Each structure stands twice: as structure tokens, then as C-alpha cells.
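In: Quick one, fold the following:
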Amino acid sequence: MKIRPPAVAGTFYPGEPTALRTRVLELMTAARPGQTGPLKALVAPHAGYVYSGPIAASAYAALEQSSAPVSRVVLLGPAHRVAFRGLALPSATHFETPLGLVSLDLGAGAALADLPQVRTFDRAHAEEHGLEVHLPFLQEVVGELLLVPLVVGEATAQEVAEVLARLWGGEETLIVVSTDLSHYLDDETARRRDQATAEIILQLGWDRLGEGDACGRFPLAGLLFEAARRGLQARLLDLRNSADTAGPRNQVVGYGAFAIG
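Out: Okay, the predicted model is just below:
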């Protein structure tokens, strides 16, 4: 057993199990109800819970309402700490949060072994918050699950989509892309920018995502590419920014929650 310990427990989200479970349940209870419909993938933000937790909860409320028997989650997010090219798997067998251990799908590495854009790179995972903040939601909503965690560096939409195609699975597999939207614009400018980005996502316009639209644009573009190839549709669950939750209005970060199915 090789455990990747939590890196941001106590900062991005509560570090004590009871407080964390209570916070997740509070966020889920207050979540905006989304449109029901087929659900294969979610797009949700990854800031501290005080900022983006309500919007992330909107995504996981859609999962909670779904009848899909999810037991495996492919979780992709951008690299915040380490610059690299391609997609990084960890060598860990488990990820840990204050709510317990999450088992990794150890067969995923073998399924991706011949893809040159994928490698095992623990340094990309060691301090990365973009995947970790989703785990308590998944632990509460899904319960026991197998996880495929992928930190995405610089990569083309096609490279990410090729990985997703290998891991797509059936109803048991949910894909989650972790991304925030615009960063550090004033509130009014951010709302216009994020609305435009939301329209791109709803149209599965993978080739129209630009730098500054979303910090996780590389994994997001890959998901939109594969969703378009498979004839899926996206729907908006929530679109807000940090001024709506806990931040000032002169510099905000945008957050969106989307379901794809």
C-alpha cells in the first residue's frame, strides 16, 4: 500500500473528519438543483470550499440525483505546481482525505501504458489541490469507489481524449474535469467572460477554449472533444464567481458546474 496523503486538508477544506463531513453535507443541502438528464461527466471547480464549494456542490447534487451506478471515477485537473507535458498518473495505490482512503484503479496504468502522453509522475500529484478537493464530495456521494487521478500538463485535446476513450467504461464510470474559469478580473468583466466560456462548453466547442478562459482548459478541451465525438450534450448547472460566495468584487475567480451525458 502506497498512500498519497492530503496536501490541502485544513486549508482548502476542513481537516477534521466530522467538520469536513458536516461542511460537505451543508454544501450539498444548499446546492442549486440542476436539470436532470443523462450523466457521464461533470465539470466542477477546485478552489477552497469557502469560495467554490457551493458551485462544486451543484455538480455533485446532479450526481446524487442521477441513477447511474457509479463506482469508478476518472478525475482530471490542471497542474498548478509543476510544469510538464502530457498527463501524469501517480504511483500511489490510495489517496487519503480526512474521510478515509480512496482506492486507485491500478488497472488504469496498464490500459494507458502504450500512450506516449501518459507517464507516472508523483511530483505532479504531491501538492496538487485540483484533484484533492473533489475527493470528499465523491466519498460522500458515491461512497466506496475506484479512482483514476490524472494531473494534466500541456496537452492537446486529442491527446486527452485518447486517454478518456481508453478509460470511458460504462455506467459505472464517471469522468470529472476539475477547472475554474476566469481569474482575477473585476466582477462585471468576469461575468461576461465566464458566460462566453459557458456557451463554448455547452456547444462542446473544444477548439474555441482560449488561454484565460479556464485554468483547466487542457483537460476540459479533451473532454469536450470526446463528448462531441460521441454525440453527447452538455448542460449548465451553476455559474457564479468568488464575489458571490466569499471574495471581493475587484478581483474574482469564476466557477462553473456542468453535466455532460
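
In: and the residue sitting nearest the centre point of the chain, what are its bridge partners?
Out: Centroid-nearest residue in the chain: Ser178, 2.2 Å away (criterion: C-alpha atoms, centre = their mean). Per DSSP bridges, the residues bridged to Ser178 are Ala44.

In: for it, what are its contacts?
Out: 44-46, 75-78, 130-131, 133-134, 216, 219 (C-beta atoms under 8 Å, 6 or more residues apart in numbering). For the C-beta atoms, the positions are set from N, CA and C on the backbone; glycine is no exception.

In: Kindly report the same for Glu140.
Out: Arg21, Val24, Leu25, Met28, Tyr60, Leu99.

In: Would you mind giving the contacts of Ser178 as TSV with distance to Pro54 and secondary structure added?
Out: As requested, the contacts of Ser178 are exported to TSV (distance: C-beta to C-beta, whole Å; DSSP: H, G, I helix; E, B strand; the rest coil):
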residue	distance to Pro54	secondary structure
Ala44	11	strand
Pro45	10	coil
His46	13	coil
Leu75	20	strand
Leu76	22	strand
Gly77	19	strand
Pro78	21	strand
Gly130	18	helix
Leu131	20	helix
Val133	13	coil
His134	14	coil
Gly216	19	coil
Pro219	22	helix
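
In: Just flag the most distant two among those.
Out: The two members of those with the most space between them (C-beta to C-beta) are Val133 and Pro219, at 15.0 Å.

In: so what secondary structure elements neighbour the helix or strand hosting Pro149?
Out: Using DSSP states H and E, Pro149 falls within strand 146-152. Contact analysis of strand 146-152 by 3 or more C-beta pairs under 8 Å, 6 or more residues apart in numbering; DSSP states H and E lists strand 72-78, strand 87-89, strand 100-104, helix 122-126, helix 129-132, helix 157-167, helix 217-229 as its packing neighbours.

In: what's in contact with it?
Out: With C-beta under 8 Å, 6+ apart, strand 146-152 has contacts from 71-79, 87-90, 95, 102-105, 108, 118, 121, 124-125, 128, 130-131, 135, 138, 160, 163, 167, 216, 218-219, 222.

In: Go ahead and build a PyMOL selection from the buried members of the residues you listed.
Out: Per 16 or more other C-beta atoms under 10 Å, the buried members of the contacts of strand 146-152 correspond to this PyMOL selection:
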select buried, resi 72+73+74+75+76+77+78+79+87+88+89+90+95+102+104+105+108+118+121+124+125+128+130+131+135+138+160+163+167+216+218+219+222
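
In: Okay then, goodbye and thanks.
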